[in-house]
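Novice: Give me a 3D structure for the following:
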Amino acid sequence: MKENNPEIIPADRLAGVQEYYFSRKGKEVARLNAEGKDIISLAIGSPDMPPSPQTIDRLCEEARRADAHGYQPTAGIPQLREAMAAFYRRWFGVELDPATEIQPLIGSKEGILHTTLAFVNPGEKVLVPDPGYPTYTSLSKLLGCAVVNYDLRPENDWQPDFEQLEGMDLSGVRLMWVNYPNMPTGAPACRPTYERLVEFARRHGIVVVNDNPYSFILGQEHISILQVPGAKDCCIEFNSMSKSHNMPGWRVGMLAGNATFVSWILKVKSNIDSGMFRPLQLAAATAYGNDNTWHEEANIHVYARRRKLAGEIMDALGCYYDPSQVGMFLWGRIPDECPDVEVLTERVLHEARVFLTPGFIFGSNGRRYVRISLCAKEEKMSEALERIRGAFR
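Specialist: Now for the predicted structure:
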């Protein structure tokens with residue numbers, strides 16, 4: 001006789017999110033590659049160059065120590081926090097107390113989770129840019145927060161529209177996510193925008209979190225929201241070694257803010273995970289000491305050459321793009337005669353065997369845009385260009 005067992009179902013929170021686009025689409029690309037299609041990926045922003053030699057040497061040296069393999073403090077070792085403070089002092093002119101105003105992170109995604117848990121109760125609101133990093137939305141939904149989008153538009157240079165923000169119902173808003181230099185649009189960080197964000201946050205009792213991993217990729221200035229007087233009272237800034245130091249798989253990032261905010265986030269973090277591998281932290285501290293020559297030669301010059309090729313790919317697709325963009329992507333508007341961005345990216349994938357990112361994954365304001373990653377060797381980007389020219393001739 002068959003037993004009538006109760007059905008097991010997932011938590012309700014899963015109904016509000018989908019599998020991350022690159023996780024889902026990556027399976028399709030892997031299948032095409034297994035079939036011999038040789039897909040060139042210009043989709044994901046995963047730096048393909050190594051960290052500095054001294055960073056790798058320090059990791060190897062420390063990992064050989066017999067006493068290097070124990071649990072580490074969740075707050076991070078002092079050497080790493082001090083290196084992070086020195087990094088902010090050197091490049092941004094921002095003074096941070098390494099003991100109380102910095103929290104190392106296992107990447108920015110972890111920081112988004114812990115910061116949201118520390119500041120936002122279920123049912124309260126979070127302001128999220130459209131277009132914007134999808135994790136701001138998905139993690140907020142998983143945690144039971146109400147996502148309220150604010151528009152970023154090309155006519156406003158992809159900066160927040162403060163008139164729109166002031167006209168919104170801001171009751172119950174606890175956090176506002178901003179991201180400059182911007183991904184996916186490539187809009188640069190602007191001091192006037194940061195000043196208005198600090199004023200907006202103070203007046204409305206909202207914590208603004210600026211996600212700032214791209215300030216070393218093609219930008220001419222290194223700007224932090226924490227440079228604005230009074231920003232520490234109401235702002236937090238994330239930074240990451242993934243892009244600026246070619247360390248995406250290392251999972252080392254940081255957040256900075258006032259000591260009270262940092263202590264609240266640490267309370268969450270200490271109940272969820274532990275400190276990073278000590279040799280990795282020491283190697284990261286070494287990487288923060290990379291000189292300007294390394295940043296220019298290992299990143300800026302390389303990405304500048306790749307940017308030129310990405311622009312030629314945009315031209316071949318008939319897309320318009322702003323040449324003043326910064327960061328490691330190129331964001332372009334698809335031709336008016338193209339019915340939908342996914343029609344374009346699917347044609348590129350299956351006819352030219354090149355994987356590009358459709359802008360709709362970043363929000364409704366990205367539906368007429370495509371994003372090209374600069375994280376591929378020049379010869380691969382050149383080959384992608386020729387494939388696309390052949391398919392779109």
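Novice: quick one: low-confidence ranges for the stretch 1-150 of the chain?
Specialist: Counting by pLDDT under 70, the stretch 1-150 of the chain has low-confidence residues at 1-3.
Novice: any chance you could map the helices in it?
Specialist: Using DSSP state H, counting those that start in this stretch, the helices found in the stretch 1-150 of the chain span residues 21-34, 53-63, 78-92, 108-119, 134-142.
Novice: Tabulate those helices in CSV, adding columns for mean neighbour count.
Specialist: Just so you know, the C-beta spots here come from the backbone N, C-alpha and C atoms, and that holds for glycine as well. Shown next, in CSV, are the helices of the stretch 1-150 of the chain (neighbours: other Cβ atoms under 10 Å):
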stretch, mean neighbour count
helix 21-34, 13
helix 53-63, 16
helix 78-92, 19
helix 108-119, 22
helix 134-142, 20
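Novice: moving C-terminal of the lengthiest helix in the chain, what's the next helix or strand?
Specialist: If you go by DSSP state H, the chain has its longest helix at helix 301-317. Later in the chain than helix 301-317, the nearest helix or strand by DSSP states H and E is strand 320-321.
Novice: pLDDT (mean, whole number) over the helix or strand just after that next one?
Specialist: Following strand 320-321 in sequence order, the next helix or strand is strand 329-333 (DSSP H and E). Mean per-residue pLDDT for strand 329-333: 96.
Novice: swap in stretch 377-390?
Specialist: On average, stretch 377-390 scores 95.
Novice: Burial check on the nearest residue to Asn121 once chain neighbours are set aside, number of neighbours?
Specialist: Take Asn121 and drop its neighbours on the chain: the residue closest to it by Cβ to Cβ, 6 or more residues apart in numbering is Arg174, 7.7 Å away. Using other Cβ atoms under 10 Å, Arg174 is surrounded by 17 other residues.
Novice: try Leu226
Specialist: Neighbours around Leu226, by other Cβ under 10 Å: 25.
Novice: State the distance from it to Ile102.
Specialist: 11 Å (Cβ to Cβ, to the nearest Å).
Novice: Glu237 belongs to a strand?
Specialist: Yes: counting by DSSP: H, G, I helix; E, B strand; the rest coil, Glu237 is located in a strand.
Novice: that older thread, so which of the helices of the stretch 1-150 of the chain is nearest Ser274?
Specialist: For the helices of the stretch 1-150 of the chain, the distance to Ser274 is smallest for helix 108-119, at 11.9 Å, taking Cβ to Cβ.
Novice: okay, the angle between that closest one and helix 134-142?
Specialist: For helix 108-119 against helix 134-142, the angle by axes from the mean of the first three to the mean of the last three Cα atoms, to 10 degrees is 40 degrees.
Novice: ok, now which ones touch Arg153?
Specialist: Arg153 sits next to 161, 365 when contact means Cβ atoms under 8 Å, 6 or more residues apart in numbering.
Novice: And the pLDDT for the residue nearest to Asn121?
Specialist: 97.
Novice: would you say it is within a helix?
Specialist: No: counting by three-state DSSP, Arg174 falls outside a helix, being strand.
Novice: circling back to that earlier point, find residues that contact each of Leu226 and Ile102.
Specialist: Common neighbours of Leu226 and Ile102, using Cβ under 8 Å, 6+ apart, are 96, 256.
Novice: Go ahead and confirm His204 touches Leu170.
Specialist: Yes: counting by Cβ atoms under 8 Å, His204 does reach Leu170; the two are 5.4 Å apart.
Novice: intersection of neighbour lists for those two?
Specialist: With Cβ under 8 Å, 6+ apart applied, the contact sets of His204 and Leu170 do not overlap.
Novice: if we can go back for a sec, need the helices of the stretch 1-150 of the chain in JSON lines (columns: distance to Tyr194).
Specialist: Formatted as JSON lines, those follow (distance: least, Cβ to Cβ, whole Å):
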{"stretch": "helix 21-34", "distance to Tyr194": "29"}
{"stretch": "helix 53-63", "distance to Tyr194": "30"}
{"stretch": "helix 78-92", "distance to Tyr194": "12"}
{"stretch": "helix 108-119", "distance to Tyr194": "18"}
{"stretch": "helix 134-142", "distance to Tyr194": "18"}
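Novice: Nearest approach to Arg278 belongs to which of those helices?
Specialist: Evaluated with Cβ to Cβ, those place helix 53-63 nearest to Arg278, the distance being 6.8 Å.
Novice: The closest one packs against which elements?
Specialist: Where contact means 3 or more Cβ pairs under 8 Å, 6 or more residues apart in numbering; DSSP states H and E, helix 53-63 is packed against helix 278-287.
Novice: quick check: angle from the helix it packs on to helix 78-92?
Specialist: Angle of helix 278-287 versus helix 78-92, following the same axes, to 10 degrees, is 20 degrees.
Novice: Please name every helix or strand in contact with the longest helix of the chain.
Specialist: So helix 301-317, by 3+ Cβ pairs under 8 Å, 6+ apart, packs with strand 320-321, strand 329-333, strand 369-373, helix 378-391.
Novice: Looking at those, which is nearest to Ala189?
Specialist: Closest to Ala189 of the helices and strands packed on helix 301-317, according to Cβ to Cβ: strand 329-333, at 15.4 Å.
Novice: Neighbouring strands - and their directions - for the closest one?
Specialist: Next to strand 329-333 in the sheet, as set by DSSP bridges, lie strand 320-321 (antiparallel), strand 369-373 (antiparallel).
Novice: Can you name the residues in contact with the last one?
Specialist: Among residues not part of strand 369-373, those counted as contacts by Cβ under 8 Å, 6+ apart are 41-46, 131, 184, 310, 313-314, 317, 319, 328-334, 341, 344-345, 356-359, 362.
Novice: all helices for the stretch 151-300 of the chain, in order.
Specialist: Secondary structure of the stretch 151-300 of the chain, counting by DSSP H, counting those that start in this stretch: helices at 162-167, 191-204, 241-244, 259-269, 278-287, 292-295.
Novice: tally of neighbours for Gly390?
Specialist: Neighbours around Gly390, by other Cβ under 10 Å: 11.
Novice: do the same with Arg191
Specialist: Neighbour count of Arg191, defined by other Cβ under 10 Å: 13.
Novice: just Gly123 next, same as before
Specialist: By the criterion of other Cβ under 10 Å, Gly123 has 9 neighbours.
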